[in-house]
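Peer 1: Give me a model of this one.
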Amino acid sequence: MSFGRVLVWIAGVMFLVFGLAYLLTPASLVEPAGISLSTPSALTDVRATYGGFALGLAAFLLWSALAPKRVAVGLVALALIEAGVGLCRAIGVMVDGALNQFHITAFLIEISLALLALIALARARGSTDPNAV
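Peer 2: Below you'll find the model as predicted:
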């Protein structure tokens, strides 16, 4: 199994776990970021937005990993989404002055996943094996 396919599988499972965690225990997951969910509406919104997005992305990544011909699409999605989230987090930290351990850790994970996805795509592009992704 190629590096890219393994990465898409791992990311898919990771987003599945996070999506389920946000769906089932949203308050405990947003607390480290300083978010207080003080109303039922806030809880529902975090379940839907964070949980739903992560579960949808997990489904897409796992679907992508099932067939070698779809792995590249999964890698592109992973790279763009993680880079976008990481960039917006960095801008937020600069604008809001909210640098703390939570944001540092999240940023490093986001950028690392984006870079790994790009590395996997580059490795596959340089290969003559059609299943290299």
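Peer 1: only C-alpha atoms for contact and neighbour calcs from this point on.
Peer 2: Noted.
Peer 1: Now do Leu57 against Ala79, distance only.
Peer 2: Separation of Leu57 from Ala79 (Cα to Cα, to the nearest Å): 12 Å.
Peer 1: Can you point out the buried residues in the worst-scoring helix or strand of the chain on mean pLDDT?
Peer 2: None of the helices or strands of the chain scores lower by mean pLDDT, DSSP states H and E than helix 26-30, at a mean of 93. The neighbour-count criterion (16 or more other Cα atoms under 10 Å) identifies 26-27 as the buried residues of helix 26-30.
Peer 1: tell me what that helix is packed against?
Peer 2: Helices and strands touching helix 26-30, as assessed by 3 or more Cα pairs under 8 Å, 6 or more residues apart in numbering; DSSP states H and E, comprise helix 40-46.
Peer 1: List the buried residues for the following helix or strand past the helix it packs on?
Peer 2: The helix or strand immediately downstream of helix 40-46 is helix 52-66, counting by DSSP states H and E. By 16+ other Cα under 10 Å, the buried positions in helix 52-66 come out as 52-55, 57-65.
Peer 1: Adding pLDDT and distance to Tyr22, write those residues out as a markdown table.
Peer 2: Putting the buried residues of helix 52-66 into a markdown table (pLDDT from 0 to 100; distance: Cα to Cα, whole Å) gives the following:
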| residue | pLDDT | distance to Tyr22 |
| --- | --- | --- |
| Gly52 | 97 | 8 |
| Phe53 | 97 | 10 |
| Ala54 | 98 | 9 |
| Leu55 | 98 | 10 |
| Leu57 | 98 | 14 |
| Ala58 | 98 | 13 |
| Ala59 | 98 | 15 |
| Phe60 | 98 | 18 |
| Leu61 | 98 | 18 |
| Leu62 | 98 | 19 |
| Trp63 | 98 | 21 |
| Ser64 | 98 | 23 |
| Ala65 | 97 | 23 |
